[in-house]
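Peer 1: Sequence first, then the predicted structure, then my questions.
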Amino acid sequence: MRAFLIASAAAVTLSGGAQAAITPHPRAEAEALSLAEKAIALRSVRGPDNKTPEVAALYKSALVAGGFSDSDVTITSVDDTAFLIARWPGSDPTLKPVVISGHMDVVEAKPSDWKRDPFTPIVENGYLFGRGSSDMKLDGTLAIASLNELRREGYKPRRTIIIEFSGDEETTMKTSAIIADKLSDSDLVLNIDGGNGTLSEETNAPEYFAWQGAEKTYADFQLSVANEGGHSSEPRKVNAIDELAAALLRIHDYQFTPEISDLTRAYFVSAARYEDPTIGAAMRAFAADPTDKAAIATLSDNPATVGKIGTTCVVTMISGGHALNALPGSATANINCRIFPGHKPADIMAELARVAADPKIVFRDVTVGSVMTDASPMRADYVDAVKKAMSGPYPGVPIFPAMSSGASDSMWFRSHGVPSYGSSPVFMKDSDDFAHGLNERAPIATIAPAIDYYLVLLPELSK
């Protein structure tokens, strides 16, 4: 019944668009969905009663049942969470391994806010509902089920394949950093928590697949100003809150120099056709000339594109004063920045200090759980493997690179010089993206073609 449900859903998704030559893999398809449901039911949220170690145990049992040696699947406890690393040894130990990277933890969800209990998985109207369905428990189980299917089909990798899951990607990324340290000798990383396919809002047909080759560096900078304060009945020209507010307004009005890279240029050129005509025209103009003022203005006014044309910094928190009837003796603010690849956070902080133009304001880098990274190279072997893997389930679908404005486990590998690529084969409509939000869901129809994709991609990169 489950296999029929998945196959039927896949047929519906692909109607009206490119017709997929999907080879049925009913056992893997059923395993991916069943395992995802079991994982969603485990509340893997940081804090009391964190079930992430139980998710790790669930994944290990599935991998061992699929043919992994028990000793090749390790679970390591860290604080209230855990991480998992599983190795499928290749026949040539001189080759660096290929890594499949994901995470098991999810963002908190309050049942009272949801239409359905977030930790009770439900399959309804062609979707799997539940916290983690799209970010990223179904992605994780698709990879596990695909590896098990490859073993059943008798595949023997020449290059070692490693699958790993961090346990705190949504919070401190402590396990993410540990894993990257341990696997710093890898050839490349397939981050299945990044990149994805997009379906048409009108026809539900596949529009394009964007793999993630870069992400912006996350940084938090604290601004603080202090003076002697005083009685509110005797106001002074110097006021900590006023000084800080004036500096924040100068930062608000400032725009970092727009930038472009080979990767983002390829994205703008390829993705422009899928955007509103005005935005699309600006994307093409910016790709041709990143100093085009009209294009910059249009892209800067659009929240979906402003982060793609350079560094952005925004005030996210502010506090000041100590009493209703006293002049503030101090005021602080947090500026959150997403830094274009190639820039050091210290240089961005120094630029903000120049813009603030007030020597009494002290700047401090208070970033936790982030490192600076450059873009991954657009390696031909990876790009060719993705194209070949997509050609079966999604023939003719446009494929191009993209840069993420958010942060993922990729940055920890990139900081070691290991190329990492967002490679999730999940296709969905933008309007169905509820990751981190209420009523999170993932389309069942994506399961069969995703497994088809992995059964080509993984051998291509490990043969």
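Peer 2: Ah, there it is. Numbering: from 1, shown residues only.

Peer 1: Contacts only, for the nearest residue to residue 274 once chain neighbours are set aside.
Peer 2: What sits nearest to residue 274 in space, not counting adjacent residues and going by C-beta to C-beta, 6 or more residues apart in numbering, is residue 207, at 5.9 Å. (C-beta placed from N, C-alpha, C; glycine too.) The contact partners of residue 207, taken as C-beta atoms under 8 Å, 6 or more residues apart in numbering, are 17, 197, 198, 199, 200, 274, 397, 398.

Peer 1: Phi first, then psi, for the second one.
Peer 2: Here the main-chain torsion angles of residue 197 (degrees, to the nearest 10) amount to phi -100, psi 150.

Peer 1: list the contacts for it?
Peer 2: Counting by C-beta under 8 Å, 6+ apart, residue 197 has contacts 206, 207, 208, 209, 210, 394, 397, 425, 426, 427, 428, 446.

Peer 1: Nearest to residue 342 among these?
Peer 2: Nearest to residue 342 out of those is residue 210 (C-beta to C-beta; 20.7 Å).

Peer 1: right, and that closest one touches residue 194 too?
Peer 2: No - using C-beta atoms under 8 Å as the test, residue 210 is too far from residue 194 to be in contact (9.7 Å).

Peer 1: what about these two, which has more around it?
Peer 2: residue 194 (26 against 23; other C-beta atoms under 10 Å).

Peer 1: what kind of secondary structure is that one in?
Peer 2: Here residue 194 is coil, with the state taken from DSSP: H, G, I helix; E, B strand; the rest coil.

Peer 1: How about it, nearest residue that isn't a chain neighbour?
Peer 2: Excluding the flanking residues, the one nearest residue 194 by C-beta to C-beta, 6+ apart is residue 422, at 2.4 Å.

Peer 1: What distance do you get for that neighbour to residue 196?
Peer 2: Taking C-beta to C-beta, to the nearest Å as the criterion, residue 422 is separated from residue 196 by 8 Å.

Peer 1: For the two, indicate the residue with more neighbours.
Peer 2: Neighbour tally, residue 422 and residue 196, criterion other C-beta under 10 Å: the higher count belongs to residue 422, 26 against 22.

Peer 1: So for stretch 177-192, what gets flagged as buried?
Peer 2: Across stretch 177-192, burial judged by 16 or more other C-beta atoms under 10 Å covers 177, 178, 179, 180, 183, 186, 187, 188, 189, 190, 191, 192.

Peer 1: quick one: the fourth one is in a helix?
Peer 2: Yes - note on residue 180: a helix contains this position according to three-state DSSP.

Peer 1: any low-confidence regions in the stretch 301-450 of the chain?
Peer 2: Along the stretch 301-450 of the chain, no part satisfies pLDDT under 70.

Peer 1: which residues of it fall in strands?
Peer 2: For the stretch 301-450 of the chain, strands defined by DSSP state E, counting those that start in this stretch occupy the ranges 312-320, 326-327, 330-339, 362-365, 399-404, 420-422, 427-428, 441-443.

Peer 1: out of those, nearest to residue 455?
Peer 2: Among the strands of the stretch 301-450 of the chain, the nearest to residue 455 by C-beta to C-beta is strand 427-428 (16.5 Å).

Peer 1: Among the contacts of residue 207, name the ones in helices.
Peer 2: Using DSSP state H, no member of the contacts of residue 207 falls within helices.
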